[in-house]
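1. next input, structure requested:
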Amino acid sequence: MFVDPILVRTIDLTGKVTDPWGITSDGKNFWVVSSGDATIVKIDRNGNVLKSLDISACTDQPRDITFDGKYLYFIEQNTNNFFKIDTNGIVYSIKSVDSIDDEPTGISFFGKNLWLCGMQSSRAYNIDRNANLIKYLNLIGLTMDPVAISHDNHVLWILTEFYSQCQQITRFANYLYVIDTFAIDDNMRGVYYDGHFLWMIGQENTSLYQIKI
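-> From the prediction side, this is the model:
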């Protein structure tokens with residue numbers, strides 16, 4: 001089902017992040033990956049910067065990010081690793097997913113495990129926090145070039161580069177909703193669902209979008 005998004009608010013992040021790619025929340029504030037300068041920026045819901053974590057010592061291509069209630073996890077596209085760090089930037093572990101996908105771009109915490117998406121493979125992977133594969137969903141024919149992933153109870157939200165869409169897909173790889181994001185931002189790179197709204201981060205306008213569906 002195609003759904004027209006209702007744009008509630010646009011928050012300009014120009015000068016606060018560079019080439020944003022990935023967004024998550026700790027329940028109150030947002031954490032945004034600033035991929036252009038390898039930092040993770042904590043912002044409030046009005047876009048004010050609260051904290052900035054320099055992660056350039058361990059990565060130069062950070063991508064999507066998620067939060068498990070205590071730790072942040074972010075994916076690194078160049079080395080196919082995901083990093084577990086605390087909210088002060090201390091690295092606790094580095095796990096490789098090279099044997100699972102050769103271009104991971106999205107990561108989301110769900111229950112006790114993580115979901116990844118692979119840009120070239122068009123797959124979504126359910127893995128544990130030690131990078132062991134539990135199962136995967138083949139999304140070929142459903143989506144193309146997924147770049148970020150989030151969750152909504154029992155379903156997944158996946159951003160696609162090729163179609164400029166945000167797609168809601170069940171954990172059995174069935175379509176539910178498709179949202180065309182082209183008119184809002186032609187280069188969406190992060191999605192987070194808070195139970196009421198979708199929050200998307202876009203590179204075209206370096207902005208955070210609050211969207212009602």
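
2. mind listing the helices for this protein?
-> With DSSP state H as the definition, the chain shows no helices.

3. in it, where is pLDDT below threshold?
-> For the chain, the stretches with pLDDT under 70 are 1, 171, 173-177.

4. so how many other residues sit close to the residue lying closest to residue 151 once chain neighbours are set aside?
-> In space, residue 151 comes closest to residue 110 once its chain neighbours are excluded; the distance is 4.6 Å by Cβ to Cβ, 6 or more residues apart in numbering. Where C-beta positions appear, they are placed from N, C-alpha and C, glycine not excepted. Applying other Cβ atoms under 10 Å, we find 18 residues neighbouring residue 110.

5. kindly report the same for residue 154.
-> By the measure other Cβ under 10 Å, the count of residues near residue 154 is 9.

6. if I look at it, how far off is residue 97?
-> Per Cβ to Cβ, to the nearest Å, residue 154 is found 24 Å from residue 97.

7. residue 17 too?
-> For residue 17, the distance to residue 97 - Cβ to Cβ - is 25 Å.

8. so which of the two has more stuff around it?
-> Neighbours were counted for residue 17 and for residue 97 using other Cβ under 10 Å; residue 17 has more, 27 against 23.

9. excluding chain neighbours, give the residue nearest to that one in space.
-> Of all residues not flanking residue 17 in the chain, residue 34 sits nearest, at 3.9 Å (Cβ to Cβ, 6+ apart).

10. just residue 157 next, same as before
-> Counting by Cβ to Cβ, 6+ apart, the residue nearest residue 157 is residue 150, at 4.4 Å.

11. residues contacting that neighbour?
-> By Cβ atoms under 8 Å, 6 or more residues apart in numbering, residue 150 lies in contact with 108, 156, 157, 191, 192, 193.

12. scan the residues you listed and report the most crowded one.
-> residue 191 (30 neighbours).

13. tell me how far that one lies from residue 128.
-> Separation of residue 191 from residue 128 (Cβ to Cβ): 23 Å.

14. count of neighbours near residue 129?
-> What residue 129 shows, counting by other Cβ under 10 Å, is a neighbour count of 16.

15. and it, how far from residue 114?
-> Taking Cβ to Cβ, one finds residue 129 at 6 Å from residue 114.

16. what do those two both touch?
-> With Cβ under 8 Å, 6+ apart, residue 129 and residue 114 have common neighbours residue 73.

17. for the closest residue to residue 96 other than its chain neighbours, give me its contacts.
-> Leaving aside its chain neighbours, residue 96 sits nearest to residue 81 (5.3 Å; criterion: Cβ to Cβ, 6+ apart). By Cβ under 8 Å, 6+ apart, the contact list for residue 81 reads 59, 75, 94, 95, 96, 97, 98.

18. and which of those residues is nearest to residue 185?
-> Checking the contacts of residue 81 against residue 185 with Cβ to Cβ, the nearest one is residue 75 at 20.8 Å.

19. that closest one pairs with what?
-> Going by DSSP bridges, residue 75 is paired in beta bridges with residue 82.

20. that one contacts residue 107, correct?
-> Yes. Counting by Cβ atoms under 8 Å, residue 75 does reach residue 107; the two are 4.4 Å apart.

21. can you list residues touching both of the two?
-> The contact lists of residue 75 and residue 107 share 22, 63, 64, 65, 82, 116, where a contact means Cβ under 8 Å, 6+ apart.
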